[in-house]
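J.: next input, structure requested:
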Amino acid sequence: MIWPRDSIRARLIGLGAALTLAALVAGYLAIAAILEDFVAGRFDAETEAVADALIAGASIDAGGRLLAGPEPTDPRFQIPLSGWFWQLSQDGRVTAKSHSLFDNVLQPPDAELQGGPGLGPDGEALRVTRHGFTLPGSDSALAVTVTAPRAEIDASLARLRRPLAVSLAVLGLALTAASLLQVAAGLRSLDRLGRDLRRIRAGRAESLPLPAVAELRPVAAEINALLEQNRSVLARAREHLGNLAHSLKTPLAALDNALPPDHPGHALVARMDRQIGWHLRRARSSAAPRLLGHSTAVLPVIEDILLVLRGPIRESGLAVEVAAPGHPAFAGERQDLEEMVGNLVENAVKWSSGRIRISAAVQGDRLRIAIEDDGPGLPDADHALALTRGARLDEAGPPGTGLGLGIVADLAALHGGALALERSDLGGLRAVLSLPAIAPGGWQATS
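T.: Now for the predicted structure:
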C-alpha cells in the first residue's frame, strides 16, 4: 500500500525506517571496527610471540655476528611467499630469515612497529611487527621483523562480517515489522475516531463516543460540544423564524378577513403571503441544510404526508401506490424531507387524473424518491422553467403559489442532492429526488 507524503502513518513509518536503518548501519560499522581490532590484535599477538621467541633464541658468535636460535615451528613460515615471514638483521644487514622468503628480504622501516602496514616481496600487503633489541657482547643495532599477510586478516574479517550483516538485516526487518505494528496500533484510535465522525455525517449517530485513549478525549469532547452548539443554534434559528412567520402571517390573515369578498386587495394579500412563505422557507433551508447526526426513515414520512392529504385524495378519487423496499433512510432531518416530498406529492395530487405512484429506493449512497402522476405532464422544454421559483406554467391550473418545485430544488441542492423532472410512463410528470442516503435494510414494499 502506498501512502501519501502528508499521511501521519507514512511519516511515522518512514521516520522509523530511516532511524532504524541509520542505527543498524552505525551498529554494523561500530561492531565491524571492534571485530577488526580483535582479529588484527590476534594476528599481532602471534607475530609478537614469534618475535619474542626469535629474540630469546638469538646469539652472537665469536666474530660478533648475529645468529638465529631455533626457528619457529609454525609451518606457515615454511611455505614459499606465504606472507608469514621473519628475519633478523644486524646494522641493517639480514643475517637470518624464514624459508618462506626464499632469496628475498624484507625492507621494513627503521622505526619500531607493532601491527604496522608493509609490503612483501611481490608487493602484497603485510602487517608488520618490528622490534630492535640488544644482546650481550654486541654493540650492533639488532632488529627482528615478523609479518602476517593482510589478505588472511581480511579473509578472517569477511567470515565474521557476513553473518553480522545478515543478523543485522534480520534485526532490521523485525524492527520494521514491529514499527508497522506499533504505528497501526497507535493510529487505531484515530481510525476509529474517523469512522465515528463518518457515522455522524451519515446520520447514524448524534455524538462521538469518548475514545479509549486519553489524548483523543479532549478532541472528541470539543467535537461533541460543536455538534451540540450546532443543534442549539439551529433550534434557535427555527424558533425565531417561526415567530417571524407568526408575527407576519397573523396580521395578513386579519387584513384578508377584514376586506370585502370582492376587494382587489385579496390578490395583493395572497401575493404577500406567498412571498413571505417563500423567503421564510428559503431562510430556514439556507441557514442549516442538514443537522449532522440525523437520519430519517422515508416510509413514515410518505405515510404521514398521505394522511394529511387524504381529504383531497378521497375527493378526487385518486389511487396512490407506494413502494419503499429495503428500509430507505434520508441522511438529514425529517422536517427537510417532509418539505421536499410534501411539495412534490401535493403537486401530484393537484394535477393527477386518477393515479399516483410513489417509490423510494437506495442506490449506492444515494436515495432516489420518485413521485409520478397520470396528469397532463409538462413538455421537456418546460422542465427547467418549472424549477424556477415563482414560475407557473399554467395560470388556469389548480391554485398554488408556484413556489413548491423551486423550494424542493433549492433544498435538495443544499443537501448535496438534486431534483429532476421527467416524463412518467403513467402519462404525466415524474419528479425524481436524489439525496444522501442511509440504508439500514429490512423494510418491504407497502401500498
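J.: check residue 85 and give its pLDDT.
T.: Residue 85 is assigned a predicted lDDT (pLDDT) of 94.
J.: got phi/psi on the nearest residue to it once chain neighbours are set aside?
T.: With CB to CB, 6 or more residues apart in numbering as the criterion, residue 85 has its nearest non-adjacent residue at 4.7 Å, and that residue is residue 147. Every residue, glycine included, has its C-beta placed from N, CA and C. Main-chain dihedrals, residue 147, degrees, to the nearest 10: phi -130, psi 160.
J.: quick one: residue 147 from residue 176, how far?
T.: 45 Å (CB to CB, to the nearest Å).
J.: scan this structure for its longest helix.
T.: helix 150-202 (DSSP state H).
J.: tell me which residues touch residue 138, please.
T.: Taking CB atoms under 8 Å, 6 or more residues apart in numbering, we find residue 138 in contact with 60, 64, 66, 90.
J.: more neighbours: residue 147 and residue 176, which one.
T.: More neighbours surround residue 147 than the other of residue 147 and residue 176, with 31 against 15 (other CB atoms under 10 Å).
J.: quick one, strands of this protein?
T.: For the chain, the strands defined by DSSP state E cover 59-60, 66-67, 85-90, 93-97, 113-119, 125-133, 142-149, 296-297, 319-323, 329-330, 355-363, 366-373, 418-423, 429-438.
J.: against which helices or strands is the fourth one packed?
T.: Here strand 93-97 is seen to pack against strand 66-67, strand 85-90 when contacts are counted using 3 or more CB pairs under 8 Å, 6 or more residues apart in numbering; DSSP states H and E.
J.: please apply the same query to the last one.
T.: The contact analysis (3+ CB pairs under 8 Å, 6+ apart) places strand 429-438 against strand 329-330, helix 334-351, strand 355-363, strand 366-373, helix 404-414, strand 418-423.
J.: please identify the deepest-packed of the helices and strands packed on strand 93-97.
T.: strand 85-90 (a mean of 23; mean count of other CB atoms under 10 Å).
J.: for it, packing partners?
T.: Short answer (3+ CB pairs under 8 Å, 6+ apart): strand 85-90 packs on helix 8-57, strand 66-67, strand 93-97, strand 142-149.
J.: just put those in JSON lines and tack on distance to residue 337 and mean pLDDT.
T.: Formatted as JSON lines, the helices and strands packed on strand 85-90 follow (distance: least, CB to CB, whole Å; pLDDT from 0 to 100):
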{"stretch": "helix 8-57", "distance to residue 337": "38", "mean pLDDT": "90"}
{"stretch": "strand 66-67", "distance to residue 337": "114", "mean pLDDT": "90"}
{"stretch": "strand 93-97", "distance to residue 337": "107", "mean pLDDT": "91"}
{"stretch": "strand 142-149", "distance to residue 337": "91", "mean pLDDT": "94"}
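J.: right, and the ones you listed - which one's nearest residue 222?
T.: For these, the distance to residue 222 is smallest for helix 8-57, at 19.3 Å, taking CB to CB.
J.: contacting residues around residue 156?
T.: Contacts of residue 156 (CB under 8 Å, 6+ apart): residue 39.
J.: per-residue pLDDT, it?
T.: For residue 156, the predicted pLDDT is 91.
J.: how far away is it from residue 59?
T.: For residue 156, the distance to residue 59 - CB to CB - is 35 Å.
J.: and for residue 363, the neighbour number?
T.: 11.
J.: just list whatever residues bridge to it.
T.: residue 366 (DSSP bridges).
J.: which one of the contacts of residue 138 is nearest to residue 99?
T.: The closest of the contacts of residue 138, once distances to residue 99 are taken by CB to CB, is residue 66, at 18.2 Å.
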